[in-house]
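>>> Sequence below, structure please.
(2 chains)
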Amino acid sequence: MNLFKDLRIVYYFIKRYFRVWTYFKVNFVLELIQVVIDLATMAIIASAAGKYISYMLKAYGGDYFAFIVLGLVCNQLLSVALTAPRSAIEDAFWGRRIEILFSSPVNPTFLVTAFSIGPIVRESVKTLIYLLTAILLGLSTKPLNILSTVVFFTGFLACMGIGLISASTLYLLEAKGGSDPVNWIASIVARLLSGLYYPLNILPEWCRWLSLIVPHTYVFDAERRILLGSVSGESSLPIHSVFVALGFSPVLADLVLLAIYAGVVLPLSYYLIRKGFEKALRDGRLSWWS
Amino acid sequence: MKYMIIADNLTKRFKKEKGKGIIEALKGISFKVRKGEIFAIMGPNGAGKTTLLKILSCVIRPDEGEAWINGYHIIKERSKAKASCNLIIGGSWLGLHYAYTVKENLMFFGRLYGIPKEVLLKRIEFATELLDLKNILNKEAIFLSTGEMHKAILAKMLLIKTPVLLLDEPTRSLDPVLANKVRAILTNIISKEYKITILMTSHQAVEVETLADRVAFLNKGKIIACDTPSNLKKKIRKLEKISIKLNRVPSEKLISKIKKLDIEKLNLNDELIEIYTRELEYITPNLIELIKKEDLKIVSLSSERISLEDVFKFLVEGECYESI
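So this is what the prediction gives:
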């Protein structure tokens, strides 16, 4: 199958996903309104608490509203990379479409990727609304540049890798029904310890080390430094000191670590998802009516 | 001779729920289907028919044995094997997406097989005409009745012209008129015009008798007979069926007396007794005599040459299997 055909199939999946997303109109509208409400809530919290914690945000420019908006924007997209492959397979599984899709000539791993693009595009649309609303509410950042784009995509690929590993547990561990250990741990660490809502330096040392197990930590740190603060400056992650000693800036350290992360997780995820499907084919449990 | 489907010693075991034991769904199935042939698999529920179709369409892997579709090995050359077959399978949603209309669902299926839009639109138009889809073509799948859903999914066989069609119970949930139409499409268009090899499963003996060039009876994971429908009937040609309806349910004593006559098999369904025998002329007067002695009245009595359905029932329920 050539690239053009592959892209067309991805397009059909995205098109179908958008039909589903907008199918229940009230839900669709409320989901978009929710984006604005979430942001307004953050703006209020930031205006109330910002002045008390801005001194902890020196490396990131000191503006709590910008700090949190940037974190949430990145998190929105990274989170969908974590959950999209799994929820896409589960949707086809419970909707009893998976066997018909898998009996088609399209490669199964490619199908999962194609399934996942729709939710990613959906979150990108929501993120855009989020950013536009934030700009209207006074968000000010440096312009996006190549470094911030590269950091984000490397982090996104790393999260996609975790997402695919999480999807593989559907069949490898029979972890069906909405949650699995991989996604559960990654989401909790990302929410609590990666510095999404507050800077990492308010956490105990062991929590900061624990935060390194998710790509979010590196993405939040690097993006906030690039777009709000300065690329160099003092270390904010415990592992930075190792890289700073080698002459790396914290942002470069984040990027290198993300690249290593993605380099390990992506091939592993590809291997595990294949193993998961092989197990499902062997057990006859690709679909729930088998 | 080119075989489009070869199954060699296919065996599949499933773990029972909570890992308590194993169910052997297929026990060393072997058969070959020639190019252009309509090959039917008949069997009771749980015989392993759908498992067999899923193995051949590469969505279940066999534990033992091998199979080839259009010359491609289903495991070693999976993508080529998949590109050679079109699976149409039963079940409630049948692969349709609820938010898509029938037309959009069909377009989506076609696109997965790389069929260009213009070709698909023409084929959908053709399918609409043949299967009478006009009223449901722009209806979202969520609003379809079970029969409409089945009709919609059957249109897939007219869109995707792979060398092999794997069809699970093609006329399930269809009204008799449409069921006949589907049978005609399978014979005249899919088989004769498109030269597509068809492997279908069915519960309906009449359908199999009309459509299939050959039929395999599958029971408890094993093929217990495989031949043309007429040959299968010839093999037990002497066997005849007597159906007697009585005015009340016969006593056990009478049944045991009947069983002592020269009969092959007896089915009792309230007042209705069905007897399979090779000695019709000898049995009938004795049977009537026994019934009279029990002070029962015969409401109706008929004898007939057995149909494919009877052959199937006879074999599946079968103590007399060895006799053919």
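>>> my guess is A:Ala114 meets A:Tyr11, correct?
No. Applying CB atoms under 8 Å as the test, A:Ala114 and A:Tyr11 come out as separate, 9.0 Å apart. The way it works is simple: take the backbone N, C-alpha and C, and place the C-beta from them, glycine included.
>>> More neighbours: the two, which one.
Comparing A:Ala114 with A:Tyr11 by other CB atoms under 10 Å in any protein chain shown, the one with more neighbours is A:Ala114, at 23 against 13.
>>> residues contacting the more buried one?
A:Ala114 makes contact with A:Ile9, A:Val10, A:Phe13, A:Val106 under the criterion CB atoms under 8 Å, 6 or more residues apart in numbering or on different chains.
>>> From those, pick the one nearest chain B.
Taking CB to the nearest CB as the measure, chain B lies nearest A:Val106 of those, at 5.6 Å.
>>> can you count the residues close to that closest one?
A:Val106 has 23 neighbours, counted by other CB under 10 Å.
>>> what about B:Gly95, which helix or strand?
B:Gly95 belongs to no helix or strand when assigned by DSSP states H and E.
>>> One more: the one 10 residues further on?
Secondary-structure assignment from DSSP H and E places B:Asn105 in helix B:102-112.
>>> how about the CA coordinates for that helix, as CSV?
The C-alpha trace of helix B:102-112 is given here as CSV (Å, rounded to 0.1, in the frame of the first residue of the first chain):
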residue,chain,number,x,y,z
VAL,B,102,-25.8,3.3,4.7
LYS,B,103,-24.2,4.9,1.7
GLU,B,104,-21.3,6.4,3.7
ASN,B,105,-20.7,3.1,5.4
LEU,B,106,-20.5,1.4,2.1
MET,B,107,-18.2,4.0,0.7
PHE,B,108,-16.0,3.6,3.8
PHE,B,109,-15.8,-0.2,3.3
GLY,B,110,-14.9,0.3,-0.4
ARG,B,111,-12.2,2.8,0.4
LEU,B,112,-10.5,0.3,2.8
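>>> That helix near chain A at all?
Yes. Using CB under 8 Å from any CB of the partner chain, helix B:102-112 reaches chain A at B:Glu104, B:Phe108, B:Phe109, B:Arg111, B:Leu112.
>>> I'd like those as CSV, with distance to A:Tyr198 appended.
Converted to CSV, those look like this (distance: CB to CB, whole Å):
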residue, distance to A:Tyr198
B:Glu104, 46
B:Phe108, 45
B:Phe109, 49
B:Arg111, 47
B:Leu112, 47
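>>> Now flag whichever of those is closest to B:Lys161.
The shortest gap between B:Lys161 and any of the residues of helix B:102-112 next to chain A belongs to B:Phe109, at 12.5 Å (CB to CB).
>>> Tell me how many other residues crowd that closest one.
B:Phe109 has 23 neighbours, counted by other CB under 10 Å.
>>> ok, it - contacts?
A:Ile100, A:Ser104, B:Gly95, B:Lys156, B:Leu159, B:Ile160.
>>> Over to B:Thr284?
Applying CB under 8 Å, 6+ apart, one finds that B:Thr284 lies in contact with B:Ile242, B:Ser303.
>>> Within the helices and strands, which one has the residue most central in space within chain A?
Nearest residue to the geometric centre of chain A (CA atoms, centre = their mean): A:Leu78, 1.1 Å. Here A:Leu78 sits within helix A:64-94, counting by DSSP H and E.
>>> wait, does the next helix or strand after that helix contact chain B?
Later in the chain than helix A:64-94, the nearest helix or strand by DSSP H and E is helix A:98-102. Yes. Using CB under 8 Å from any CB, we find that helix A:98-102 touches chain B at A:Glu99, A:Ile100, A:Leu101, A:Phe102.
>>> Any stretches of chain B with poor pLDDT?
Scanning chain B for pLDDT under 70 picks out B:1, B:18-19, B:90-94, B:235-238, B:317-324.
>>> Which single residue in it comes nearest to chain A?
Residue nearest to chain A within chain B: B:Gly95 (3.1 Å; CB to the nearest CB).
>>> OK, contacts around that residue?
A:Arg96, A:Arg97, A:Glu99, A:Ile100, A:Leu101, B:Ile89, B:Phe109, B:Ile153.
>>> can you rerun that using 10 Å?
For B:Gly95, the contact set (CB atoms under 10 Å, 6 or more residues apart in numbering or on different chains) comprises A:92, A:95-101, A:103-104, A:287, B:87-89, B:105, B:108-109, B:141, B:149, B:153, B:156.
>>> And A:Leu252, by the same measure?
A:Leu147, A:Val151, A:Ala222, A:Val231, A:Ser232, A:Phe243, A:Val244, A:Leu246.
>>> Okay, it and chain B: tell me how far apart.
Separation of A:Leu252 from chain B (CB to the nearest CB, to the nearest Å) stands at 42 Å.
>>> quick one, phi/psi of that residue?
phi -60, psi -40 (degrees, to the nearest 10).
>>> And the pLDDT at it?
Per-residue confidence (pLDDT) for A:Leu252: 94.
>>> Can you pull the residues of the stretch 101-250 of chain B lying near chain A?
Applying CB under 10 Å from any CB of the partner chain, one finds that the stretch 101-250 of chain B approaches chain A through B:101, B:104-105, B:107-109, B:111-114, B:117, B:140, B:142, B:153, B:156, B:160, B:162, B:166.
>>> Quickly find the element holding B:Leu10.
Element membership of B:Leu10, judged by DSSP H and E, is strand B:3-15.
>>> so what strands line up beside the helix or strand just after that strand?
Using DSSP H and E, the helix or strand that follows strand B:3-15 in sequence is strand B:22-34. When pairs are called by DSSP bridges, strand B:22-34 turns out to pair with strand B:3-15 (antiparallel).
>>> how about the partner strand: buried residues?
Using 16 or more other CB atoms under 10 Å in any protein chain shown as the test for burial, strand B:3-15 gives B:Tyr3, B:Met4, B:Ile5, B:Ile6, B:Ala7, B:Leu10, B:Thr11, B:Lys12, B:Arg13, B:Phe14.
>>> would CSV of those with distance to A:Ile120 be doable?
Output for these, formatted as CSV (distance: CB to CB, whole Å):
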residue, distance to A:Ile120
B:Tyr3, 45
B:Met4, 41
B:Ile5, 40
B:Ile6, 42
B:Ala7, 41
B:Leu10, 40
B:Thr11, 42
B:Lys12, 37
B:Arg13, 39
B:Phe14, 36
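>>> related to what we said a few turns ago, and the residue nearest to the centre of chain A, how far is that from A:Ser187?
Distance of A:Leu78 to A:Ser187, given as CB to CB, to the nearest Å: 10 Å.
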